[in-house]
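[1] Using only what follows, build the 3D model:
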Amino acid sequence: MTTQTLAGVSVERDAEGFLTDPSLWSEAMAVAIAAEEGIALTERHWEVVRFMRHAYETTGAGPNVRLLAKTSGVPVKELYALFPRGPAKTAAKIAGIPKPHGCI
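    Reported below is the predicted structural model:
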């Protein structure tokens, strides 16, 4: 684990860059994490990120890519266009939640 400052807040991140405490997340942090991933967040990105946060807050886990496509209303092809390095994993990282089960 490493300690980093994101959007003016000191946070712990695991070896893959996921926040260890999702309660510290903010939208300003999301912008910084997305920039690290080479992504400039559009409104469509925000829809997915907010969906991931809501799913995590509701169920305690983020959805995998299949469930994300099925329940978010964003088709798989578009998810991969938005988050080319892996939609569920990258969106979860930007949303400040743990890596979904089944993501490599």
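
[2] what's whichever helix or strand A81 is part of packed up against?
    Here A81 sits within helix 76-82, counting by DSSP states H and E. Helix 76-82 sits against helix 43-59, helix 65-72, helix 87-95, with contacts defined as 3 or more Cβ pairs under 8 Å, 6 or more residues apart in numbering; DSSP states H and E. C-beta coordinates here come from the backbone N, C-alpha and C atoms, glycine included.

[3] I'd like the average pLDDT over it.
    Helix 76-82 shows a mean pLDDT of 96.

[4] CA atoms of that helix as PDB?
    Output of helix 76-82 as PDB, limited to C-alpha atoms (Å, rounded to 0.1, in the frame of the first residue of the first chain):
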ATOM      1  CA  VAL A  76     -20.700  -3.700 -23.500                       C
ATOM      2  CA  LYS A  77     -19.200  -2.300 -26.700                       C
ATOM      3  CA  GLU A  78     -19.700   1.300 -25.400                       C
ATOM      4  CA  LEU A  79     -18.200   0.300 -21.900                       C
ATOM      5  CA  TYR A  80     -15.000  -0.800 -23.700                       C
ATOM      6  CA  ALA A  81     -14.900   2.400 -25.700                       C
ATOM      7  CA  LEU A  82     -15.300   4.400 -22.500                       C
END
